[in-house]
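Enquirer: With the sequence up front, the predicted model follows.
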Amino acid sequence: MVTVSLSGLSLAPIEPSDDEAVRQWYELRCSVVGADQPDDPPPCWVYERGRFRHSWSGVDKTGWLARDAGTVAGGCVLRLPTLDNLHNAEGEILVAPEHRRRGIGRALLAHLRVEATRQGRIRLVGSEVDHPLDPAAPDPAGRFATACAAVPALVETRRRLEVDSVDPAVLARLDAQARAKFQGYSLVQWVGATPQRWLDDAAYLTGRMSTDAPLDDLQWDPEVYDAARIQADDASSLARGLHMVTTAAVHSTGQLVAFTKIVGFATSSWFAGQWNTIVAPEHRGHRLGTLIKVANLRYAVAQRPELRVIDTCNADSNLHMIAINEAMGFRPHRRMAEWQLDL
């Protein structure tokens, strides 16, 4: 392990096998989430540990902890795509609340810039910690990004569904309206890894997530998926303790043409995220998106009766998907942005 000095800080890489360092990263994440997103559940230890030990396929990941006089003051992560987007890098910066406004964030960003450039990357992309809906509310992360010459390339809204407040009659109406255009399709559902028979179709659809979902000004190339990558990502997800519930639509030809996923964690099982939803272009217009989302919500609650809150995030320009989510009962919760910095 090589430790470097950075603006008075001691910066050391996080070795995946170093339980103490990984635990310190987790505790840093907990302090940041507790300060910035107090109405969210605390981070899941199983997931955070798994992020270092079970990376997504096609991504090289390195993390660092910044210490001030032996105390963890911040940390950062650099993710390098290796199968596509070879000119891009993704960065994440955390600064402990009690150590903010001391230049630590800028020092960590400078480190990420150096490392990304050294790897031949020309662009750094990062998600801003989400902030209140009120545009007049303080947004220190956004101010930091702007001051560092980053631009908000993709503006998003995180929406929240309070499961207990969902009106069953509304779901029944949405389901009936969707089924009126559902001729020639059937639904399949599973928990956990993608079944072998659907791997190729799932790979095709997952790849379209990077081309069909609005990216606005974000400069991100199409992602390359095949069956092996889907299997590897499923294995990583399970190793991170994720509880994956999927509903998909199958055309009469036997092709899987749409899917949606709700993902929970090993801890805080009352909370989950609605992740990828995609419909193959040639099968749009049949209300498949609505049908699979409604069916998957019911399926997820049946699998985890304690589920109470589901969050989902959409680009503000993704009006079609927003309309479906809001019809189900999702309501705006916080704002987000994907920031882009040319190196």
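Expert: Looks like it came in fine. As the structure is a prediction and not an experimental result, all values here were calculated from the model. Residues are numbered from 1 along each chain as shown.

Enquirer: Not counting its own residues, what contacts the longest helix along the chain?
Expert: Ranked by residue count and defined by DSSP state H, the top helix of the chain is helix 19-36. With Cβ atoms under 8 Å, 6 or more residues apart in numbering as the test, helix 19-36 has contacts from 12, 14-16, 40, 42-43, 45, 48-49, 52, 63, 65, 72, 74-75, 94-97, 129, 141. Just so you know, the C-beta spots here come from the backbone N, C-alpha and C atoms, and that holds for glycine as well.

Enquirer: Just the buried ones from those residues?
Expert: 12, 14, 16, 40, 43, 45, 48-49, 52, 63, 65, 72, 74-75, 94-96, 129, 141 (16 or more other Cβ atoms under 10 Å).

Enquirer: Tell me which of those residues fall in strands.
Expert: Among those, DSSP state E puts 12, 63, 65, 72, 74-75, 94-95 in strands.

Enquirer: Tabulate those (TSV), appending distance to residue 160 and pLDDT.
Expert: Written out in TSV, the entries for those read as follows (distance: Cβ to Cβ, whole Å; pLDDT from 0 to 100):
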residue	distance to residue 160	pLDDT
12	37	95
63	29	97
65	31	97
72	30	97
74	28	97
75	27	97
94	23	96
95	26	97
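
Enquirer: could I get those residues as CSV with distance to residue 290?
Expert: Conversion of those to CSV gives the following (distance: Cβ to Cβ, whole Å):
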residue, distance to residue 290
12, 49
63, 39
65, 45
72, 45
74, 43
75, 41
94, 37
95, 41
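
Enquirer: Among these, which one lies nearest to residue 156?
Expert: Sorting those by distance to residue 156 puts residue 94 at the head of the list, at 19.8 Å, by Cβ to Cβ.

Enquirer: Provide a list of residues in contact with that closest one.
Expert: Residues in contact with residue 94 (Cβ under 8 Å, 6+ apart) are 28-29, 32, 74-76.

Enquirer: Show me what the helix or strand where residue 124 lies is packed against.
Expert: Secondary structure from DSSP states H and E places residue 124 in strand 123-127. Strand 123-127 sits against strand 88-95, helix 104-118, strand 331-342, with contacts defined as 3 or more Cβ pairs under 8 Å, 6 or more residues apart in numbering; DSSP states H and E.

Enquirer: Next, the angle from that strand to strand 88-95.
Expert: Strand 123-127 and strand 88-95 meet at an angle of 50 degrees, taking axes from the mean of the first three to the mean of the last three Cα atoms, to 10 degrees as the criterion.

Enquirer: Restrict strand 123-127 to CA atoms and write it as PDB.
Expert: In PDB, the C-alpha atoms belonging to strand 123-127 read as follows (Å, rounded to 0.1, in the frame of the first residue of the first chain):
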ATOM      1  CA  ARG A 123     -13.600  13.300 -18.800                       C
ATOM      2  CA  LEU A 124     -14.700  12.800 -15.200                       C
ATOM      3  CA  VAL A 125     -18.400  12.200 -14.400                       C
ATOM      4  CA  GLY A 126     -19.900  12.200 -11.000                       C
ATOM      5  CA  SER A 127     -23.300  12.300  -9.300                       C
END
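
Enquirer: For it, give me every contacting residue.
Expert: Residues outside strand 123-127 that contact it (Cβ under 8 Å, 6+ apart) are 87-93, 112-113, 116, 145, 150, 153, 218-220, 336-343.

Enquirer: what does stretch 75-92 give?
Expert: Contacts of stretch 75-92 from elsewhere in the structure, counted by Cβ under 8 Å, 6+ apart, are 14, 25, 28, 57-66, 93-94, 108-109, 111-112, 115-116, 119-127, 219-224, 229.
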